[in-house]
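Engineer: sharing a model prediction with you, sequence too.
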Amino acid sequence: MTVILRAENLSKRFGGLKAVDAVELELNDGEILGVIGPNGAGKTTLFSMIAGSIPPTTGRVLLEGNVISGGSPRRAVRAGVVRTHQIVRPFQNLTVLENVMVGAIYGKARPLGARERALEVLDFCSLRDRAPQLPGGLTLAGRKRLELARALATEPRVLLLDEVIAGVNPAEALHMADLIRSVREKRGLSIILIEHVMPAVMRLSDRVIVLDAGKKIAEGKPQQVVKDSRVIAAYLGESASAAASAQPGPAGSPTPTSGAAPASLPTPPANPTPASIPKKGPGGHQ
Amino acid sequence: MKLLPHWVSRPALVALLAALVVGAVLPKVLGLSVYSQNQVTETFLFVAAALAWNWMGGYLGQVSFGHSAMFGLGGFISARLLLALHLPFWLAWIVGGLVAAAYALVWGHPTLRLRGPYFSIATIGVGEATRLVMTYWEDLTGGSSGLSLPITPGLKSELYWWALALMALVIAASYSLRKSTFGLGLLAIKSDVDAAADVGISPTLMQDIVLLLSGFTVGVCGAFYASYQNFIEPGDMFGFDRSISFVLMAVIGGVGTIIGPALGAVVFVMLRQYLIGSYPQLYLGIYGLLLIVVILFEPLGMMGLFFRIARRFGLMRPEVEATLEAKAAVGGGAADPGARQGGAP
């Protein structure tokens, strides 16, 4: 397998805080890489650096050997790396189709045929019938799919998805998971996925890296990573980790840590938040 | 027919051409008095200026209170060129506009990184600083005694046609900036500058381009105004009321739309003649009041009223109306009609 994207010694310091600390990351061609970690672990900062929104304090990001970090997001998008936002940010003043057209036009600076390409992406994301509407009329799940569609329209090689599943109802979460899989299968993209909904990460990811306090503390197959004592400590605290490591046998799946090891759950991705996110209040836009 | 880009609608083109023909035959058919014809000329001029302001304030959502700087600079540069080099006046206008555009870029490139109110405050500073410098720079502006331009007989009535042509060009440019793929990028920046950057737009570059175009056009308008007035002085050309007048025209008519600022400029010029005549002390205060009333009750001005009527009587398909209104909205997304009803007492 060939490495498509590589982050070398990537760090970001905000004043006295090391948000991301010397993270090394490799993404193989066609792979789905999960990035997990507790709140404040530096996952989104890592994304922002890979996508070019913020310059790294040290280190660099290479896409097929070319440096893409430290410039502007445009540099990353032109090279083929695009991100979505955890809090959806549709252009509220443009229709769903126009939102995606912006990606199609400016992603690779190719205005010709942008409308057709945008419609094709909307089809792919099951948003075609919403094309003439304003994004304010979509459900949260719809707006998350729009966020994905707008990113896909830039015709990337690598897609950075920041919590596209969290917060939507279980049926929509399944739909989104299928969509992410078909992005890889049908469009041949490599994907890095930040996600809090653990069953989704476990099912989707080929490989997972775990961040805690800015550092990469574990890496490997999803089923192995969730048994790592440092990962359990990061999520549940030191005592839980001690209890876990006290368990005999390396392959023992300790029951007290089931919260961190939901890969074995047969259920569809759980939904930690209420299924019906209230539509945004009047005039509210982020 | 593939002569035109796909975003040019045939009816809009026909409407513009029809308006031009009407404008061209109007003075002959009606036998307008010299005074009325001058009024119309001035209206055309300010339609152009208000539309150019609207490229920044309406399309990008960057409300400038400093456009008098470019208006005045264009005026004085072109006046000096006419006096010293006896250039043909159209050439002097273009040079005046180019200098104004360059000046706009000098202050705009750093300040356009600010957004919303912060940018507006910076432009107030730019406008006032420019006015002060220009008042004391007597070699360029003649100081507070101003500059007189040579009067050639018949120039004023000839300027009517030039104003008509200028306005037509600026309307066409407004249409292109709003409807083209470039315009889609501007609307995206207005809505969310960071999200726009994340899909490959360069907000810095695009904002600079728009300010350059806006500064050039307003500079040409200032140069035109100088030729038309025969006498200009810095207090009037660079004054804060000058900047405010561009804001008012766009706001009265409806920011972010194409027709709005043009309508607003017409109302503004007519109203000003009446107000200056009847209430010379009060007229600025009345404008201030008008601004507050419009923003409180109908943020999209006359176009907002039009949208309201269109909604009420079903003149447009609701989704078309909603989309148009969303694109005009100042914050780039207060499309929810409830938001405005909630805001009005």
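Structural biologist: Okay, I see it.
Engineer: tally of neighbours for B:Leu91?
Structural biologist: 13 (other C-beta atoms under 10 Å in any protein chain shown). To be clear about C-beta, it is placed using only N, CA and C from the backbone, and glycine gets the same treatment.
Engineer: now do the contacts for it.
Structural biologist: B:Leu81 (C-beta atoms under 8 Å, 6 or more residues apart in numbering or on different chains).
Engineer: and after the host helix or strand of it, which helix or strand comes next?
Structural biologist: Using DSSP states H and E, B:Leu91 maps to helix B:89-111. For helix B:89-111, the following helix or strand on the C-terminal side (DSSP H and E) is helix B:117-136.
Engineer: contact partners for residue 57?
Structural biologist: You didn't pick a chain, so chain A it is. Contacts of A:Thr57 by C-beta under 8 Å, 6+ apart are A:Ser11, A:Lys12, A:Arg13.
Engineer: to clarify, I was referring to chain B.
Structural biologist: Taking C-beta under 8 Å, 6+ apart, one finds B:Val63, B:Ser64, B:Val247, B:Ala250, B:Val255 in contact with B:Gly57.
Engineer: near chain B, which residues of the stretch 51-200 of chain A?
Structural biologist: Contact residues, the stretch 51-200 of chain A versus chain B (C-beta under 8 Å from any C-beta of the partner chain): A:51, A:53, A:72-74, A:77-78, A:82-83, A:85, A:89-95, A:98, A:101-103, A:105-109, A:111, A:114, A:132-134, A:136, A:150-151, A:153-154.
Engineer: please flag which of these sit within strands.
Structural biologist: Per DSSP state E, strands hold the following members of those: A:Val82, A:Arg83.
Engineer: mark which of the residues of the stretch 51-200 of chain A next to chain B are buried, thanks.
Structural biologist: By neighbour count, with 16 or more other C-beta atoms under 10 Å in any protein chain shown, these hold A:51, A:53, A:72-74, A:77-78, A:82-83, A:85, A:89-95, A:98, A:101-103, A:105-108, A:111, A:114, A:133-134, A:136, A:150-151, A:153-154 as buried.
Engineer: quick check: residues of the stretch 51-200 of chain B near chain A?
Structural biologist: Going by C-beta under 8 Å from any C-beta, the residues of the stretch 51-200 of chain B near chain A are B:181, B:184-185, B:187-188, B:190-192, B:194-200.
Engineer: and the furthest pair within those?
Structural biologist: Every pair in these was compared (C-beta to C-beta); the two farthest apart turn out to be B:Thr181 and B:Asp194, at 20.4 Å.
Engineer: which of those two has more neighbours?
Structural biologist: B:Thr181 (19 against 12).
Engineer: flag every buried residue along the helix holding B:Leu91.
Structural biologist: Those would be B:89-90, B:92-101, B:103-105, B:107-108, B:111, for helix B:89-111 by 16+ other C-beta under 10 Å.
Engineer: ok, stretch B:172-185 next?
Structural biologist: Applying 16+ other C-beta under 10 Å to stretch B:172-185 flags B:Ala173, B:Ser174, B:Tyr175, B:Leu177, B:Arg178, B:Lys179, B:Ser180, B:Thr181, B:Phe182, B:Gly183, B:Leu184, B:Gly185 as buried.
Engineer: how distant is that stretch from the center of its chain?
Structural biologist: 15 Å (C-alpha atoms, centre = their mean, to the nearest Å).
Engineer: can I get the CA coordinates of it in CSV?
Structural biologist: The C-alpha trace of stretch B:172-185 is given here as CSV (Å, rounded to 0.1, in the frame of the first residue of the first chain):
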residue,chain,number,x,y,z
ALA,B,172,-23.9,45.8,-16.3
ALA,B,173,-20.8,45.4,-14.1
SER,B,174,-23.1,45.0,-11.0
TYR,B,175,-25.1,42.4,-12.8
SER,B,176,-22.0,40.5,-13.8
LEU,B,177,-20.5,40.7,-10.3
ARG,B,178,-23.7,39.4,-8.8
LYS,B,179,-24.7,36.6,-11.2
SER,B,180,-21.3,35.2,-12.4
THR,B,181,-19.4,32.4,-10.8
PHE,B,182,-17.2,35.1,-9.3
GLY,B,183,-20.3,36.6,-7.7
LEU,B,184,-21.1,33.2,-6.1
GLY,B,185,-17.7,33.3,-4.5
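Engineer: just give me the longest helix of the chain.
Structural biologist: I'll assume chain A. When chain A is parsed with DSSP state H, its longest helix is helix A:170-187.
Engineer: my bad, the chain I had in mind was chain B
Structural biologist: helix B:203-229.
Engineer: still on that earlier bit, which ones among the contacts of A:Thr57 map onto strands?
Structural biologist: Short answer: those in strands (DSSP E) are A:Ser11, A:Lys12, A:Arg13.
Engineer: which phi and psi does the closest residue to chain B within chain A have?
Structural biologist: Closest residue of chain A to chain B, C-beta to the nearest C-beta: A:Gln92 (2.8 Å). Note on A:Gln92: its backbone torsions stand at phi -70, psi -20 [degrees, to the nearest 10].
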